[in-house]
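Trainee: Here's a sequence, model it:
(2 chains)
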Amino acid sequence: DVKVTQSSRYLVKRTGEKVFLECVQDMDHENMFWYRQDPGLGLRLIYFSYDVKMKEKGDIPEGYSVSREKKERFSLILESASTNQTSMYLCASSSADSNTEAFFGQGTRLTVV
Amino acid sequence: AQSVSQHNHHVILSEAASLELGCNYSYGGTVNLFWYVQYPGQHLQLLLKYFSGDPLVKGIKGFEAEFIKSKFSFNLRKPSVQWSDTAEYFCAVIPMEYGNKLVFGAGTILRVKS
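Mentor: Predicted structure coming up:
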């Protein structure tokens, strides 16, 4: 079974803290994605990566950065957390063949207080 | 802005009713199309996908979707819903001109009354 694992299910952080969300996949996928999921807005793409050390901005990259030093790991970084970044964060991975589906992690519910 | 639109945010149906959820996209070139489902407390999983060929695609659990290129649409259907279909449904698109970027709609929450 394909597995996409996010390091935390729930996180509570203070405003201004630097926050790291980690994601690991075990299927040797080239593509990895970070989304945030908010009620009524669906999944909005923050960043994606199609190879090690390669990244592209999604639709809402402001306030976030990413790191992909190894193929299996894709980290989302909130440089200075703010309350409007309280959300569910979903990581996904897929192969380079666009004719295949993406696989999702369980999500990290981040609350910034 | 280029996007994926889902017409209804909330749908409530009785068991055995027929379901159709609308999805339209605004990308002009070749697209790959998906419907994902998220059951309460679970992660997103694939219902069905379309890449080429027969525009009527069958997925898991009796769902199907029809790609109508002229209407930029990929509507999801099920002839008779069950209480267990209660979930949130997401339409998603890979616009090939943007590589493998996977773009989602806002989702439709379906509640099936038993």
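Trainee: Listing partners with orientation, what would you give for the strand or helix carrying A:Phe20?
Mentor: If you go by DSSP states H and E, A:Phe20 is part of strand A:19-25. Using DSSP bridges, the strands paired with strand A:19-25 are strand A:4-6 (antiparallel), strand A:73-78 (antiparallel).
Trainee: right, and those strands - which one's nearest B:Pro55?
Mentor: Comparison of those against B:Pro55 by C-beta to C-beta identifies strand A:4-6 as nearest, at 30.1 Å. Glycine gets a C-beta too; all of them are placed from N, C-alpha and C.
Trainee: Any buried residues in the strand holding A:Phe20, and which?
Mentor: Under the neighbour-count criterion of 16 or more other C-beta atoms under 10 Å in any protein chain shown, strand A:19-25 has A:19, A:21, A:23-25 buried.
Trainee: Name the residues that touch that strand?
Mentor: A:2-8, A:11, A:13, A:32, A:34, A:72-78, A:81, A:89, A:91, A:93, A:103, A:105, A:108, A:110, A:112 (C-beta atoms under 8 Å, 6 or more residues apart in numbering or on different chains).
Trainee: With adjacent residues omitted, what lies nearest to the residue of chain A most remote from its centre?
Mentor: Taking C-alpha atoms, centre = their mean, the residue of chain A most remote from its mean C-alpha position is A:Asn99, at 21.5 Å. Distance criterion C-beta to C-beta, 6 or more residues apart in numbering or on different chains; nearest residue to A:Asn99, sequence neighbours excluded, is B:Phe51 at 4.7 Å.
Trainee: check contacts around that neighbour.
Mentor: The contact partners of B:Phe51, taken as C-beta under 8 Å, 6+ apart, are A:99, B:32-33.
Trainee: can you check B:Leu47 too?
Mentor: By C-beta under 8 Å, 6+ apart, the neighbours of B:Leu47 are B:34-37, B:59-61, B:63, B:76, B:89.
Trainee: what's the helix or strand for it?
Mentor: Using DSSP H and E, B:Leu47 falls within strand B:45-50.
Trainee: For chain A, which strand extends over the most residues?
Mentor: The longest strand of chain A (DSSP state E) is strand A:42-51.
Trainee: Direction included, what does that one pair against?
Mentor: strand A:31-38 (antiparallel), strand A:54-57 (antiparallel).
Trainee: interface residues of chain B facing chain A?
Mentor: Residues of chain B lying near chain A by C-beta under 8 Å from any C-beta of the partner chain: B:6, B:9, B:32, B:34, B:43-46, B:49, B:51, B:90, B:92, B:94, B:96, B:99-107.
Trainee: In strands only, show me the residues you listed.
Mentor: Among those, the members falling in strands (DSSP E) are B:6, B:32, B:34, B:45-46, B:49, B:90, B:92, B:94, B:103-104.
Trainee: Return the closest of the residues you listed with respect to A:Lys55.
Mentor: Ranked by distance to A:Lys55 (C-beta to C-beta), these are led by B:Val103 at 16.9 Å.
Trainee: Could you count how many residues lie near the closest one?
Mentor: When counting by other C-beta atoms under 10 Å in any protein chain shown, one arrives at 22 neighbours for B:Val103.
Trainee: A:Arg44 is in contact with that one, correct?
Mentor: No. In this structure, B:Val103 is not within contact of A:Arg44 by C-beta atoms under 8 Å, at 9.1 Å.
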